[in-house]
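Q: Need coordinates for the below:
(4 chains)
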Protein chains: 4
Amino acid sequence: MIRFENDYSEGCHPKILELLRDTNFEQAPGYCTDVHCEKARDLVREACKTPDANAYFVSGGTQANKVVTSQLLRPYEGVISSDLGHIATHEAGAVEASGHKVLIVKNEGGKLTARGVSEYMENFWADETREHQVQPAMVYISIPTELGTIYSKDELVKLRETCDRFGLILYVDGARLGYALVAPNNDLSFEDIARYTDVFSIGGTKVGALFGECIVFPRPGLLDKNFRTLIKSKGAMLAKGFVLGKQFEALLSRTEGSDEMLYLEISKNAIRQATKIKNAFIDKGYKFWVDSPTNQIFPILPRMAIDELKEHFSFQIWPDLGQAELITRFCTSWCTSDKDTDELVEAIRNI
Amino acid sequence: MIRFENDYSEGCHPKILELLRDTNFEQAPGYCTDVHCEKARDLVREACKTPDANAYFVSGGTQANKVVTSQLLRPYEGVISSDLGHIATHEAGAVEASGHKVLIVKNEGGKLTARGVSEYMENFWADETREHQVQPAMVYISIPTELGTIYSKDELVKLRETCDRFGLILYVDGARLGYALVAPNNDLSFEDIARYTDVFSIGGTKVGALFGECIVFPRPGLLDKNFRTLIKSKGAMLAKGFVLGKQFEALLSRTEGSDEMLYLEISKNAIRQATKIKNAFIDKGYKFWVDSPTNQIFPILPRMAIDELKEHFSFQIWPDLGQAELITRFCTSWCTSDKDTDELVEAIRNI
Amino acid sequence: MIRFENDYSEGCHPKILELLRDTNFEQAPGYCTDVHCEKARDLVREACKTPDANAYFVSGGTQANKVVTSQLLRPYEGVISSDLGHIATHEAGAVEASGHKVLIVKNEGGKLTARGVSEYMENFWADETREHQVQPAMVYISIPTELGTIYSKDELVKLRETCDRFGLILYVDGARLGYALVAPNNDLSFEDIARYTDVFSIGGTKVGALFGECIVFPRPGLLDKNFRTLIKSKGAMLAKGFVLGKQFEALLSRTEGSDEMLYLEISKNAIRQATKIKNAFIDKGYKFWVDSPTNQIFPILPRMAIDELKEHFSFQIWPDLGQAELITRFCTSWCTSDKDTDELVEAIRNI
Amino acid sequence: MIRFENDYSEGCHPKILELLRDTNFEQAPGYCTDVHCEKARDLVREACKTPDANAYFVSGGTQANKVVTSQLLRPYEGVISSDLGHIATHEAGAVEASGHKVLIVKNEGGKLTARGVSEYMENFWADETREHQVQPAMVYISIPTELGTIYSKDELVKLRETCDRFGLILYVDGARLGYALVAPNNDLSFEDIARYTDVFSIGGTKVGALFGECIVFPRPGLLDKNFRTLIKSKGAMLAKGFVLGKQFEALLSRTEGSDEMLYLEISKNAIRQATKIKNAFIDKGYKFWVDSPTNQIFPILPRMAIDELKEHFSFQIWPDLGQAELITRFCTSWCTSDKDTDELVEAIRNI
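A: Below is the predicted model of the structure:
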């Protein structure tokens, strides 16, 4: 069974294992106060060109979303997300478990649009009963989206302007950020993300780390006040924080012989493999649910094709309530091998 | 200014004030352990023909919804509601503030249908990622709905069957229950509500009380275990609980010279007045957003008509985002006077 | 059975019932936006000589404590209370249910001292692990305390200074405030309470109202931002808010033929009756757990005396784990009658 | 600077790094459903001789405490802990952040005694106001305690009996469990812990893992129903769960040439090194705050000695409020080297 069901099926990039091994017996203080975490923070500041940025490290993506929303919302405030947003669907109500409502705006190609947010806010302000409603205070988007699509710089700027107009915090969940930043036609950089958001995450779990997400406040001001204690109260403070720090140090360092971060360099592999698979499906005439430029692709396949492919490959199939054709998801990653991809491509050709 | 904007604009039925006055210096134990609360509970049991029912009294409707959901849901469970459900819209996220997600099924005429709930649950069970989702555990409906519509006995039975099929608790928010039970074509009784639900409320605030809702567990079993402590922990336990008990004692008692509860008797006035207003709008050729048989009606009016009526009457106008005609809501109650209604009817005729 | 077990055994002062009756059919907007609430707010501002104060009305004391702490604490912050504080003992964990820890400092005669708070804070700041601890952010005291004792102006000023020194909010739970303000040797006034606290409550439930507490922000600034929505999200917003407004309007108005608020005037009765009972116990040679100048007294009685008094009077007896003498509590109120008190005094004499 | 300040200053046991490296490119399903997690679970079942046990893996100790309490307590229930319990002191209110109060019983030598719990419960049941109090529902202890002391089998059995008598769940936080199980005079085994508790954790973070705790339900019954979704809702579900599984697989496997688990084998080193340090302090005539048989020792040292040692060694010093002698904590671990210990011993001798 070759796994294309997600981008967290394997361990981590060998350079991370090497660093963990080489520094294994270094003694360090706990709770992300060590030199590796500080190095990783410096690399974030450098990549984002934000010398005042603060960065925090937590174990997973749901945790990152939970601590960020809990930190920045007052008890009666909610966060606007698209109906497909990860916080709205696949986090078992983690945001609600902290007391906050996820406010839904319909997605367009997986994305939340500035227009959608504007309409929501205009309706809210036009409603005389708004005092009795959850107060929208934050906009949550992920780059790339749950459908693998990406935001253009223009779209992000417009969201920023909309947030400014309505006094909303803009948060980007970057669980798969690497795959967006190296996607064809992408025009966003770390610097842009930092410039146009109030807080964002750089995902490690799905982009080469054993585990871990980095939460960045580009211009912290009061936003991250006592954030470490909040993180602790959510059970999200790692005692051996240096295990997170070392991983991000490795991922955000530039690789020898290249002028690029390991994080971006390895992200490219996912795109390359996804493109090969996508082309194989196109060649066979299959359509896609959505045109994704990143590492998740969503071919619509007949049941028979699915059954055939399932014999050797694992991938996601959308809830099946009787259709003849089904939406599927194939996911590549930083470590998808040419060999595995070629086997899948061959199998697609032979459907 | 004559108020048709809601059904809680005046004090309470004079019989309640009388009872409060006549018993004012009676000494009683606190926290709903007094004889008036017990009398009210007996009247509930009698009306519902459920000798084992337990009943609790709290101050308001949002509070009732909050304590019921908090009592019956585990931390990761959610409650299914229509998109127009009060808990989904106008309670400032009270359910989320207790940690639970409100799961949305599209309303049909304000109602949640058995089919809608079934589809939601089938999708949930068909989804392989359901473990990562909020677990649906309760169905919330209100009778009448936010649009003033009512459920037929057949509809309620079907919801019950659907809940049984999927292991869901069925909760009816009866903030305006009286107005449903006396509506034309209604075929539900207290007995039916008690038979087909696991928990429901009998609203006092909007039906003749100064304030107060009665929460009924028809067959408590383990459902209401330690519910009093939960109520306390939500700040919803009234020290002078007898103030609630006396009000429900008055409302649920049969009136002299009639064999009917005061609660239902006074509810009829609201229907009678609403019908007069409805007919006045119909006579003028106006359409309605929804055909409501209870005390809330939703005529669609041109701006000019609204402006004219607004000079002398208060009523709700839906958020205005540029349409020439707007949805409005006129609300009558147990104490709407013929005089006030006649003035409104006259004004409608003269638009 | 004559009840001396608490101060919420009867209805309300007749002037409140009169006002409720006289204004019963007045139409008013909901949610405390009516003229009676506004009148009551004006009376608060006048009594406190704080023209900028905001005041809010909720149903009960636990609710008041819950909304205030939830409004003013961030998720990882806690509130300092004495070990006997109501929030620490008899609110079923309402503060914790909102996510906040109650931090304990040992009481001295029921009171929290400036020194006790200082020591707590100095220890906290001296502790290198404080980042991993709940951050103390508010001081909670009640006036009078759970033991019926009161704070002198000097003690309150010192607490204020301590709070300022450590950046703490000072909150006074005034569930029985009236009984403190008219106690012998009391030197605090509404004006003082308002001057030295950030937020306090004026209790209605135990001082003549059917129910209801008034929460006052003397200098609101940002402290009460969106407090109405927070109140709603806790289920604490009363639809017929005017029922609360009318009660506080009556209580805080000056009575004819006197230049005193009804609230303070009726509070005096409780002190007068308590003093008579206290003297009766003293005459019999009984000792007290604590010397309380307000409406709760705590004689230490032998079992036999308790058994005798229990035949005709209800009062509280502390958990009995084998002692020959037990602490008891006798509680008077705004409406304790001379007749009832005299019967108790007679019974004490005859023990 | 040689660190004796805690037991999580270094990476992990080399066998864990080896396993991570050797299996790095193995593809596995996510969220702890892989073969390594299953293997680790089997090893837990075998060690505990509980074939029906379920085991779950989370990132850290506070997280473990948070998900266990949240899973097993109803909203108004609390957990009994000693005043020194980790959940009561150093988790930034994580239990309260989930809505539950930590109920305090005074420690005896760091421990919670059956007698202490009994007294608490008897007082609770004797109190007529208990309905208005947080309901005690769970007992939390850690083995070893925060003071490094351990429970005898007899003490654990008595706690179990007390819990049974009062209907309480017994939870053992085993963040440092290994160090207890190999301590001199210890008479508890994994089997005992499993037999006498309802749920317990096996700490990895402090005993050789990079990070991770294993939560064990020896006889799950309904106790762990939907626990995976609860874990997710707290942000505690790791996508690459196999990283946790592999670590516990390595730790709980028996090592070649020995018939002992790696987990226990490496724990012994900590005891050996701590004993050497302890003896050095004894030889110099210093006293200890508490007599700890595990990896944390608490010598009481004069300021001058502290200042001297601090030049080359890091260790904890209790909050300093003016005493001439201070309590200190020296902590060894699975990987404390003879060389480091010898240097410290030498320094102690030369004070």
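
Q: So what does the closest residue to A:D224 other than its chain neighbours look like in phi/psi?
A: Excluding its sequence neighbours, the residue lying closest to A:D224 (CB to CB, 6 or more residues apart in numbering or on different chains) is A:F217, at 4.7 Å. No exception for glycine: its C-beta is placed from N, CA and C like everyone else's. Main-chain torsions, A:F217, degrees, to the nearest 10: phi -110, psi 100.

Q: What are the neighbouring residues in contact with the nearest residue to A:T89 once chain neighbours are set aside?
A: Once flanking residues are discounted, A:T89 sits nearest to B:Q133: 6.9 Å by CB to CB, 6+ apart. For B:Q133, the contact set (CB atoms under 8 Å, 6 or more residues apart in numbering or on different chains) comprises A:T89, A:H90, A:A92, A:G93, B:F124, B:D127, D:T229.

Q: Just the pLDDT for the first one.
A: If you check A:T89, the pLDDT there is 96.

Q: neighbours around it, how many?
A: 18 (other CB atoms under 10 Å in any protein chain shown).

Q: Likewise for the third one?
A: Counted by other CB under 10 Å, the residues lying close to A:A92 total 30.

Q: Could you count how many residues lie near the residue nearest to A:D338 when sequence neighbours are not counted?
A: Among residues not flanking A:D338 along the chain, A:Q273 sits closest, at 7.5 Å (CB to CB, 6+ apart). Counted by other CB under 10 Å, the residues lying close to A:Q273 total 26.

Q: ditto for A:V67
A: 27.

Q: and the strand or helix carrying it, anywhere near chain B?
A: Using DSSP states H and E, A:V67 falls within helix A:61-72. No: using CB under 8 Å from any CB of the partner chain, helix A:61-72 never reaches chain B; the gap is at least 8.7 Å.

Q: any idea of the mean pLDDT in that helix?
A: 98.

Q: List the contacts of the residue nearest to A:D224.
A: Taking CB under 8 Å, 6+ apart, we find A:F217 in contact with A:A53, A:N54, A:A55, A:D198, A:V199, A:L223, A:D224, A:F227.

Q: Show me which of those is closest to chain C.
A: Relative to chain C, the closest of these is A:F227; by CB to the nearest CB it sits at 9.4 Å.

Q: who touches the closest one in this structure?
A: Neighbouring residues of A:F227 by CB under 8 Å, 6+ apart: A:N54, A:Y56, A:V67, A:Q71, A:F217.

Q: So among the contacts of B:Q133, where is pLDDT lowest?
A: When the contacts of B:Q133 are compared, B:D127 shows the smallest pLDDT, 90.

Q: What is the neighbour count of that one?
A: With other CB under 10 Å as criterion, B:D127 counts 16.

Q: quick one on the thing from earlier: could you list every helix and strand in contact with the next helix or strand after the helix holding A:V67?
A: Following helix A:61-72 in sequence order, the next helix or strand is strand A:77-82 (DSSP H and E). Applying 3 or more CB pairs under 8 Å, 6 or more residues apart in numbering or on different chains; DSSP states H and E, one finds that strand A:77-82 contacts helix A:86-89, strand A:102-105, helix A:114-126, strand A:135-142.
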